[in-house]
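Colleague: Need a 3D model of the following:
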Amino acid sequence: MMPPRRRWLLHAGALGLGATLPRAALAAPGFAVPDPSYRLRFPRDHGSHPGFRIEWWYVTGWLERPATGPIGFQITFFRARPELPFDNPSRFHPRHIIIAHAAVSDPALGRLRHAQRAARAVFDLAGAAEDDTRVWLGNWQLQREGQAYRAAIADAALALELELQPTQPVLLQGREGYSRKGVDAGAASHYYSQPQLQASGRCRAGGRDEAVTGRAWLDHEWSSAYLPRGARGWDWVGLNFDDGSALMAFRMRGQSDDAVLWAAGTWRDARGNSVALDAQSIRFIPLRHWQSPRTAVRFPVEFRLVAGALEVELQPLMDDQESDSRATTGAIYWEGAMTVLREGRRVGRGYLELTGYGETLRI
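Modeller: Presented below is the predicted three-dimensional model:
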């Protein structure tokens, strides 16, 4: 059997990426750079930003099934701009690549149901609108209609049809939506979140087609430099608390897992007041690890998280929430549904993403 990495390189070459997919930590010439003086404008900034190297719309959440209990879900659309001449007039020229991932964390199965796709943004097969959120890859799509988002994923492994209704204003990350990722000025992104989305719709997985309701979180982020110099990967959480508050926190890790290069976050309390958190305010303390039986990568899957005055424990819905996306992005990562506990009592739910544990992350 062909090694997975080799299969990815051939697949990427077929898409027009080859070795030109963005890999450097800092921005390359010809790409837009996040501007700390820029102020996000909506609905325009719900849409795509084609001058930047990479962009993603990332939805995670918990869904309740009346008969079979809770599940986690993840839907992500990436737009990547290859390092190729942008002014090539050919309609076949891959100015952008659209990549999509979807997963359901189902305790009844004990591991993820996962699906992934990638295509050139040509001939309307895939694309991302600039005026508002509308990103698609074949019949997979995420689109904003009015104030709500509609997501549709259809694959042999799983299908999701969800409406995501905001219950709170947009949460700007960093300084007015300018989020630093390291000491280098170029290591930054424009970034906002929509916590506490009210989710409803249908989920088909494992032969069951069920109505679902729940809570979700949406991140929209664009950049030309997604890792600081020397970083191996990141840990990230988006947490919806039961009282309506919300927390985003991340840390950029160096070549050893306990080497923190940068950390930041944002806390919004139940009354809607927000505060930015700096590196000294955030600590991810691993409590337990799990090793994948497929890739042998060892992930921390349970944490004590300190974010300012808040201290909570994060426990996974299940240990095996590993995503193998070597067929599209080339990465192996852990992305899972987490219960938030304070003094042993549930106070919220959310998602944890862990990258760079097997090898240095290369998107």
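
Colleague: Can you give me the pLDDT of the most centrally placed residue in the chain?
Modeller: Centroid-nearest residue in the chain: Y58, 4.3 Å away (criterion: Cα atoms, centre = their mean). Looking at Y58, its pLDDT stands at 97.

Colleague: Repeat that for D258.
Modeller: Looking at D258, the pLDDT reads 81.

Colleague: Please, which helix or strand holds it?
Modeller: Assessed by DSSP states H and E, D258 sits outside every helix and strand.

Colleague: swap in V59?
Modeller: strand 54-65.

Colleague: Now do that strand: which elements does it pack against?
Modeller: strand 69-80, strand 188-205, strand 208-223, strand 331-342, strand 345-354 (3 or more Cβ pairs under 8 Å, 6 or more residues apart in numbering; DSSP states H and E). C-beta coordinates here come from the backbone N, C-alpha and C atoms, glycine included.

Colleague: could you give the angle of the second one to strand 69-80?
Modeller: Here strand 188-205 runs at an angle of 130 degrees relative to strand 69-80 (axes from the mean of the first three to the mean of the last three Cα atoms, to 10 degrees).

Colleague: ok so, going back, what pairs with the strand holding V59, parallel or antiparallel?
Modeller: Each strand paired with strand 54-65, and its direction, by DSSP bridges: strand 69-80 (antiparallel), strand 208-223 (antiparallel).

Colleague: List just the one of these that sits closest to A264.
Modeller: strand 208-223 (12.8 Å; Cβ to Cβ).

Colleague: Restricting to C-alpha, output the closest one in CSV.
Modeller: Output of strand 208-223 as CSV, limited to C-alpha atoms (Å, rounded to 0.1, in the frame of the first residue of the first chain):
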residue,chain,number,x,y,z
ARG,A,208,-29.5,6.4,12.2
ASP,A,209,-31.2,9.5,10.9
GLU,A,210,-32.2,11.6,13.9
ALA,A,211,-33.4,15.1,14.7
VAL,A,212,-30.9,17.0,16.8
THR,A,213,-30.6,20.1,18.9
GLY,A,214,-27.7,21.6,20.7
ARG,A,215,-25.1,24.4,21.1
ALA,A,216,-22.3,25.3,18.8
TRP,A,217,-19.3,27.6,18.3
LEU,A,218,-18.1,29.2,15.1
ASP,A,219,-14.6,30.5,14.4
HIS,A,220,-13.7,32.5,11.3
GLU,A,221,-10.0,33.3,10.9
TRP,A,222,-7.7,34.4,8.1
SER,A,223,-4.0,34.9,7.9
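
Colleague: Just send the strands paired with strand 54-65 back as a markdown table, with mean neighbour count and mean pLDDT too.
Modeller: Shown next, in a markdown table, are the strands paired with strand 54-65 (neighbours: other Cβ atoms under 10 Å; pLDDT from 0 to 100):
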| stretch | mean neighbour count | mean pLDDT |
| --- | --- | --- |
| strand 69-80 | 23 | 95 |
| strand 208-223 | 20 | 96 |
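
Colleague: wait, which of those strands is closest to A129?
Modeller: Between the strands paired with strand 54-65, strand 69-80 lies closest to A129; by Cβ to Cβ that is 10.7 Å.

Colleague: Would you mind listing where this structure has pLDDT under the threshold?
Modeller: 1-29, 83-94, 226, 326-330, 359-363 (pLDDT under 70).

Colleague: In it, mark out all the helices, start to finish.
Modeller: Here the chain has its helices, by DSSP state H, at 4-15.

Colleague: how many other residues sit next to D106?
Modeller: The tally of other residues near D106 (other Cβ atoms under 10 Å) stands at 25.

Colleague: That one and H114, how far apart?
Modeller: To H114, D106 is 11 Å away according to Cβ to Cβ, to the nearest Å.

Colleague: Next, format the helices and strands packed on strand 54-65 as TSV and append distance to F303.
Modeller: Shown next, in TSV, are the helices and strands packed on strand 54-65 (distance: least, Cβ to Cβ, whole Å):
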stretch	distance to F303
strand 69-80	16
strand 188-205	19
strand 208-223	17
strand 331-342	8
strand 345-354	7
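
Colleague: sorry, back to before: quick one: the strands paired with strand 54-65 as a markdown table, columns for distance to G110 too.
Modeller: Compiled in a markdown table, the strands paired with strand 54-65 are given as follows (distance: least, Cβ to Cβ, whole Å):
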| stretch | distance to G110 |
| --- | --- |
| strand 69-80 | 12 |
| strand 208-223 | 16 |
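
Colleague: So what sits opposite the closest residue to C203 other than its chain neighbours in the bridge?
Modeller: Excluding its sequence neighbours, the residue lying closest to C203 (Cβ to Cβ, 6 or more residues apart in numbering) is V212, at 4.8 Å. With DSSP bridges as the criterion, V212 is bridged to G201.

Colleague: tell me the contacts of Y58?
Modeller: Residues in contact with Y58 (Cβ atoms under 8 Å, 6 or more residues apart in numbering) are Q74, I75, T76, L218, D219, H220, E221.

Colleague: Now D257. Nearest residue, chain neighbours left out?
Modeller: D257's closest residue in space is Y357 (Cβ to Cβ, 6+ apart), at 7.3 Å.

Colleague: Hmm, Q255 and that neighbour touching each other?
Modeller: No - between Y357 and Q255 no contact is recorded; they are 12.0 Å apart, counting by Cβ atoms under 8 Å.
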